[in-house]
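1. Provided below for reference: sequence and predicted model.
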Amino acid sequence: MTDDITLETDLPSELAEWIWHSIGAHVQAAHRVLSGGSRTTWLVDTDGTEPTKEIVLRVENGRGAFANTQLTFEREAVVYRALRNTSVPVPGLIALADDGRKILLSRAHGRADLRRESLDVRRAALCRYVEVLTRLHDVDFAALDLHGYEAPLDNRAHARNEVRFWERIARVHGELDPELDYAFAWLYANAPAEISGTALLHGDAGPGNFVYGNDEVTALIDWEFAHIGDPADDLAWLEFRMAREGESPDLAREMIEQYVETSGRRIDPGALHYYGCLVRVRCAVTAALSIAFGGPLGRGAYRQAHRRLLRDVLLQIVGITGFSVENPELPRLSAVSSSDCFDDALESVARLVSSTRGPSKLHALWLQATVRFLCNTHHFGREIELANDLEAANVVATTEAATQRTSFAALAAAGGAASDPTILSVLTRRAVRNDWLWTGNESILARQHDSKK
């Protein structure tokens with residue numbers, strides 16, 4: 001794999017020693033890459049022979065989003081072993097540490113990041129990927145050794161198993177955001193009654209999680225979220241990741257249509273919308289865990305992502321249910337003096353963004369977003385907090401803070417189970433306000449309303 005952003009080039013000696021004891025080869029070169037947000041990833045060259053000459057080392061350092069959760073390297077290794085003799089290209093499992101905190105994989109040749117390629121190259125890669133995804137879904141999962149993977153017992157369990165799995169992960173650190181309380185309850189209550197099939201799913205399907213070279217997909221990578229479920233779940237991931245990579249909705253629809261034609265499965269649009277919501281819930285949980293542990297990108301980046309994802313989760317439910325949500329009144333940035341000291345900080349960080357590259361530029365962008373958040377919070381944070389508390393108090397019918405938080409969380413969960421439009425409206429407006437503190441942008445609800453006129 002190439003085109004990864006290099007963070008370090010000196011592999012810690014204890015990792016080099018573990019590689020030697022695992023495969024009998026010495027490390028010749030290594031660089032740590034910005035790949036994923038949960039574990040440390042190194043690309044390593046050794047003096048061994050194939051398949052140990054070029055390898056990928058992934059390390060659980062205890063500070064990633066999935067530390068101390070069910071999403072372990074042992075669980076991921078089950079998939080690599082199960083698929084090694086199938087037509088689905090996956091990295092070869094070379095070694096797994098006894099403590100489960102380190103895993104060695106063969107390195108696939110090609111590129112995972114295709115964003116700088118032409119549209120024709122990206123379309124060709126995605127077409128090949130959809131063919132491989134179809135092959136994955138056609139594998140007889142019941143004939144594979146998938147120890148620890150729960151097969152759904154009925155149609156609704158295809159989604160409900162995942163909803164409960166991720167809710168358990170989300171509660172590792174205690175209370176959830178009320179937005180997630182509502183979303184988990186809503187997803188469980190509204191699990192699709194019809195499915196397109198039952199298959200082993202990649203669980204994080206789409207651009208960035210496959211390697212492409214010599215006009216073919218050489219490997220599907222990052223199997224942390226693999227599970228047994230409805231193929232529509234993987235297609236929702238594909239849509240989500242394509243949008244995140246900047247691909248057009250038309251190209252995403254083209255890939256879905258190709259999948260339908262290639263697989264012969266009928267994919268219900270309603271199921272895609274449902275699983276699109278579940279995709280965003282998983283990402284919101286991942287961001288929340290990264291905030292708790294710090295994460296490789298710093299807490300600021302994940303705080304912004306978490307607020308945006310909570311907003312998008314509820315907007316997805318609003319779109320599915322068809323409920324109308326009134327746009328919240330947001331502060332006017334024009335009310336802030338142009339001589340404010342935050343202007344100087346924003347101007348300085350803007351110069352930093354324009355003058356840096358690679359990891360430094362990424363950190364500068366996250367710093368810029370954090371300074372903007374601090375500025376907006378300084379001027380408008382109390383106003384936003386009061387508006388959120390007032391709406392919550394109106395539905396809880398109490399103004400005592402501790403009781404309100406407890407009651408509102410319970411009310412959010414009950415509201416999600418009942419698809420309560422009032423609670424959904426309050427939570428959505430709250431999520432839009434909280435996201436605004438990070439961006440200062442016009443409310444997405446306002447833009448949606450204007451587009452319908």
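-> Great, that's in hand.
2. helix, strand or coil for residue 276?
-> Under DSSP: H, G, I helix; E, B strand; the rest coil, the three-state class of residue 276 is helix.
3. can you pull the contacts of it?
-> Neighbouring residues of residue 276 by Cβ atoms under 8 Å, 6 or more residues apart in numbering: 236, 239-240, 316. For glycine as for every other residue, the C-beta is placed from the backbone atoms N, C-alpha and C.
4. In three-state terms, label the residue lying closest to residue 430 once chain neighbours are set aside for me.
-> Spatially, and ignoring its direct neighbours in sequence, residue 430 is nearest to residue 388 (4.7 Å; Cβ to Cβ, 6 or more residues apart in numbering). Look at residue 388: counting by three-state DSSP, its state is helix.
5. Residue 120 now?
-> Assignment for residue 120 (three-state DSSP): helix.
6. In which helix or strand does the residue nearest the centre of the chain reside?
-> The chain has residue 283 as the residue nearest its centroid, 3.4 Å off, counting by Cα atoms, centre = their mean. Assessed by DSSP states H and E, residue 283 sits inside helix 269-293.
7. Give the buried residues for that helix.
-> The neighbour-count check on helix 269-293 (16 or more other Cβ atoms under 10 Å) flags 271-293 as buried.
8. which element follows it toward the C-terminus?
-> helix 299-321.
9. Alpha carbons only: can I get that following helix in PDB?
-> Coordinates of the C-alpha atoms in helix 299-321 are reproduced here as PDB (Å, rounded to 0.1, in the frame of the first residue of the first chain):
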ATOM      1  CA  ARG A 299      -9.400  15.100  20.900                       C
ATOM      2  CA  GLY A 300     -10.400  18.300  19.000                       C
ATOM      3  CA  ALA A 301     -10.800  16.500  15.700                       C
ATOM      4  CA  TYR A 302     -13.000  13.900  17.200                       C
ATOM      5  CA  ARG A 303     -15.100  16.400  19.200                       C
ATOM      6  CA  GLN A 304     -16.000  18.100  16.000                       C
ATOM      7  CA  ALA A 305     -16.600  14.900  14.100                       C
ATOM      8  CA  HIS A 306     -18.800  13.600  17.000                       C
ATOM      9  CA  ARG A 307     -21.000  16.600  17.000                       C
ATOM     10  CA  ARG A 308     -21.400  16.500  13.200                       C
ATOM     11  CA  LEU A 309     -22.300  12.800  13.300                       C
ATOM     12  CA  LEU A 310     -24.800  13.200  16.000                       C
ATOM     13  CA  ARG A 311     -26.500  15.800  13.900                       C
ATOM     14  CA  ASP A 312     -26.400  13.700  10.800                       C
ATOM     15  CA  VAL A 313     -27.800  10.600  12.700                       C
ATOM     16  CA  LEU A 314     -30.900  12.600  13.700                       C
ATOM     17  CA  LEU A 315     -31.300  14.200  10.300                       C
ATOM     18  CA  GLN A 316     -31.200  10.800   8.800                       C
ATOM     19  CA  ILE A 317     -34.000   9.700  11.100                       C
ATOM     20  CA  VAL A 318     -36.000  12.900  10.300                       C
ATOM     21  CA  GLY A 319     -35.600  12.100   6.600                       C
ATOM     22  CA  ILE A 320     -36.800   8.500   7.000                       C
ATOM     23  CA  THR A 321     -39.800   9.300   9.200                       C
END
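10. In the next helix or strand after it, which residues are buried?
-> Note on helix 299-321: by DSSP H and E, the next helix or strand toward the C-terminus is helix 341-355. Using 16+ other Cβ under 10 Å as the test for burial, helix 341-355 gives 342, 345, 349, 352-353.
11. ok, which stretches of this structure are helices?
-> Taking DSSP state H, the helices of the chain run over residues 13-23, 73-83, 119-138, 157-170, 178-189, 231-244, 249-263, 269-293, 299-321, 341-355, 358-396, 401-417, 421-439, 444-451.
12. Tell me which of those sits nearest to residue 94.
-> helix 13-23 (6.2 Å; Cβ to Cβ).
13. who touches the closest one?
-> 25-27, 30, 42, 44, 46, 48, 52, 55, 57, 59, 94-95, 97, 102, 104.
14. If we use 7 Å, what do you get?
-> Residues from elsewhere that reach helix 13-23 (Cβ atoms under 7 Å, 6 or more residues apart in numbering): 25-27, 44, 46, 48, 52, 57, 59, 94-95, 97, 102, 104.
15. what does stretch 251-263 give?
-> So stretch 251-263 is contacted by 123, 126-127, 130-131, 133-134, 137, 235, 238-239, 242-243, 267 (Cβ under 7 Å, 6+ apart).
16. Can you tell me which of the residues you listed are buried?
-> 126, 130, 133-134, 137, 235, 238-239, 242-243, 267.
17. re earlier: next, the contact list for the closest residue to the residue nearest to the centre of the chain other than its chain neighbours, please.
-> Nearest non-adjacent residue to residue 283, counting by Cβ to Cβ, 6+ apart: residue 309, 5.2 Å away. Contact analysis of residue 309 by Cβ under 7 Å, 6+ apart lists 280, 283-284, 287.
18. Could you measure from residue 309 over to residue 303?
-> 11 Å (Cβ to Cβ, to the nearest Å).
19. now residue 415
-> 25 Å.
20. So between these two, which is more surrounded?
-> Taking neighbours as other Cβ atoms under 10 Å, residue 415 and residue 303 compare with residue 415 leading, 24 against 19.
21. Nearest spatial neighbour of the more buried one, chain-adjacent residues omitted?
-> residue 423 (3.0 Å).
22. residue contacts, that neighbour?
-> Contacts of residue 423 (Cβ under 7 Å, 6+ apart): 182, 395, 411-412, 415.
23. any idea how far residue 311 is from it?
-> 16 Å.
24. re the thing from before, assess the claim that the residue nearest to residue 430 and residue 433 are in contact.
-> Yes. If you go by Cβ atoms under 7 Å, residue 388 and residue 433 touch, sitting 6.2 Å apart.
25. okay, residue 348: pLDDT?
-> Residue 348 is assigned a pLDDT of 87 by the prediction.
26. Check residue 113 too.
-> pLDDT, residue 113: 91.
27. what's the answer for residue 447, then?
-> Value for residue 447, per-residue pLDDT: 44.
28. can you list the domains in the chain?
-> 6-106, 119-311, 326-451 (automatic domain parsing).
29. got the ones you listed as TSV, with distance to residue 320 columns?
-> Output for the domains of the chain, formatted as TSV (distance: least, Cβ to Cβ, whole Å):
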stretch	distance to residue 320
domain 6-106	27
domain 119-311	5
domain 326-451	10
